[in-house]
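>>> This is a predicted model, with the sequence first.
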Amino acid sequence: MIAHTFGKRLKTEHYHIRIGVYGILLNRITDKIIVVSPPNGSYLLPGGEKEKQETDEETLKRESVEELGFQIEVGKYVGAGEDYFYSTHREKYYHNPAYFYVIDSWEKISEPLEDFNGIEWMTLPEALKKLKRGSHRWAIEQFIKDKKEKNDLLELRNEEEKCKEKESRI
């Protein structure tokens, strides 16, 4: 069972299960993440539905080429969430268990294979406002917490090094 649930499951409706894998790709120079905007105008993290016996890593690598034209290296697992929603585009109810990962590195190798999506770089606060699915916003919140903890730890280590350096001069 996934602990982070978004949307409400209506007992009177049949839900199509669509298991997804999504990535958080941060450009460390601009401090922006990439998001995908399908034709309906929503914003989602890059990624998508698992096919047959794919691993999470295989799914995310395939989806990154299809949606972004990027070859990627999948990094740290962020967590899992699930959304219950109605797709007005497909006129169906969906249950979307989703697994989120940090994308450690990326390289543009081609134009996206899916040329109907928009691609946009956003700041983390902007993405939190614009991402459509609750699980995607939750994953960004977890990413921000982890990033802050790493920065705090790095700051602490730098302070320790400065203190040791000062002590060695005494």
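Noted; the coordinates are in hand. All figures in this text were calculated on a predicted structure; none of them were measured in a lab.
>>> can you give me the strands in this structure?
5-6, 15-17, 20-24, 26-27, 32-37, 47-49, 70-87, 92-108, 118-123 (DSSP state E).
>>> Ok, which of the ones you listed comes nearest residue 149?
Nearest of the strands of the chain to residue 149, taken as CB to CB: strand 70-87 at 12.3 Å. Every C-beta, even on glycine, is put in place using the N, C-alpha and C of the backbone.
>>> sorry, back to before: name the stretch among the strands of the chain that sits most buried.
Greatest average neighbour count among the strands of the chain goes to strand 20-24 (a mean of 27), per mean count of other CB atoms under 10 Å.
>>> tell me which strands and helices that one is in contact with?
Secondary-structure packing of strand 20-24 (3 or more CB pairs under 8 Å, 6 or more residues apart in numbering; DSSP states H and E): strand 47-49, helix 56-68, strand 70-87, strand 92-108, helix 134-169.
>>> Give me the sheet partners of the third one and which way each runs.
The one in question is strand 70-87. When pairing is defined by DSSP bridges, strand 70-87 lines up against strand 5-6 (parallel), strand 92-108 (antiparallel).
>>> How about residues contacting the first one?
Applying CB atoms under 8 Å, 6 or more residues apart in numbering, the external contacts of strand 5-6 come out as 81-84, 133-135, 138.
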